[in-house]
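*Asks:* Sharing a sequence plus its predicted fold:
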Amino acid sequence: MKLKKGNLFIITAASGAGKTSLVKALVSDNLSIKVSISYTTRNPRVGEKDGKDYFFIDEINFKKMAENNEFLEMAKCHGSFYGTSKVSVQEALETDKDIILEIDYQGAFSVKKLFPSAISIFIIPPSIDALENRLHNRGQDSDKDIKLRIAAARNEMSHLEKFDYVTINDNFEKALFDLKTIINFKPEASKLKTKNQILNYKNLIDGLKR
């Protein structure tokens with residue numbers, strides 16, 4: 001499959017790394033970018049709305065969509081299913097809209113196979129301690145769930161070498177600036193290429209994966 005008019009951006013991060021807040025800020029002042037709304041079988045969190053944050057469906061209907069080959073990518077994460085609609089992504093690209101997929105690394109790899117020119121970005125926290133604090137502070141998970149999410153995060157971050165860019169969310173405004181630099185194809189984005197980030201922040205990145 002080829003990109004037609006719009007650009008496809010894949011943004012991945014460990015749970016609690018600040019991806020959702022960054023993406024919301026990114027699109028708030030850029031009407032040419034659309035965030036793909038995923039389908040999920042998990043229950044809505046406080047403040048989440050169906051059709052805005054996710055399309056919340058039950059597992060039976062999710063599996064029907066999967067059987068009908070309606071998903072561009074799908075994955076099971078923390079016991080729930082997530083999937084990206086093929087039709088919604090293709091329609092956005094064909095209408096000259098840049099589109100962002102907020103998906104996990106497995107989904108990112110699946111989409112990359114279909115859209116090789118898609119631009120993949122991995123957002124990482126400044127440390128595992130910072131990630132754990134953020135998970136505690138958002139008050140959505142039990143201590144047991146947080147431990148599971150930290151373990152999953154280490155696994156997810158072990159795959160970041162396969163992404164095109166890496167952004168460190170230590171300072172929100174700086175991370176947001178980095179994302180804007182990438183999606184606007186500015187020359188400075190070369191500094192955020194994964195190979196450069198791994199070289200410049202080797203100790204930090206190695207520590208996140210251990």
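*Replies:* Received it, and whenever you're ready, just let me know what you need.
*Asks:* alpha carbons only for contacts and neighbour counts from here, please
*Replies:* Will do.
*Asks:* Going along the chain, name the helices of this structure.
*Replies:* Secondary structure of the chain (DSSP state H): helices located at 19-28, 59-67, 86-94, 105-114, 128-138, 143-157, 172-183, 194-200, 202-209.
*Asks:* Give me the buried stretch members for the last one, please.
*Replies:* Just to be clear, that refers to helix 202-209. Across helix 202-209, burial judged by 16 or more other CA atoms under 10 Å covers 204-205, 208-209.
*Asks:* on that earlier part again, can you lay out the helices of the chain as JSON lines showing mean pLDDT and distance to T40?
*Replies:* Output for those, formatted as JSON lines (pLDDT from 0 to 100; distance: least, CA to CA, whole Å):
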{"stretch": "helix 19-28", "mean pLDDT": "92", "distance to T40": "15"}
{"stretch": "helix 59-67", "mean pLDDT": "97", "distance to T40": "8"}
{"stretch": "helix 86-94", "mean pLDDT": "88", "distance to T40": "15"}
{"stretch": "helix 105-114", "mean pLDDT": "91", "distance to T40": "14"}
{"stretch": "helix 128-138", "mean pLDDT": "87", "distance to T40": "20"}
{"stretch": "helix 143-157", "mean pLDDT": "88", "distance to T40": "18"}
{"stretch": "helix 172-183", "mean pLDDT": "96", "distance to T40": "26"}
{"stretch": "helix 194-200", "mean pLDDT": "94", "distance to T40": "30"}
{"stretch": "helix 202-209", "mean pLDDT": "86", "distance to T40": "27"}
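*Asks:* Quick one: closest of the ones you listed to K5.
*Replies:* With CA to CA, the closest approach to K5 among the helices of the chain belongs to helix 86-94: 5.6 Å.
*Asks:* what's next to the closest one, contact-wise?
*Replies:* Applying CA atoms under 8 Å, 6 or more residues apart in numbering, the set of residues contacting helix 86-94 from outside is 3-8, 34, 36, 70-72, 98-99.
*Asks:* How about stretch 155-166?
*Replies:* The contact list for stretch 155-166 (CA under 8 Å, 6+ apart) reads 13-14, 104-105, 119-124, 192-195, 197-198, 208-209.
*Asks:* Run the chain-centre distance for it.
*Replies:* 11 Å (CA atoms, centre = their mean, to the nearest Å).
*Asks:* buried residues in it?
*Replies:* Those would be 155-158, 160, 163-166, for stretch 155-166 by 16+ other CA under 10 Å.
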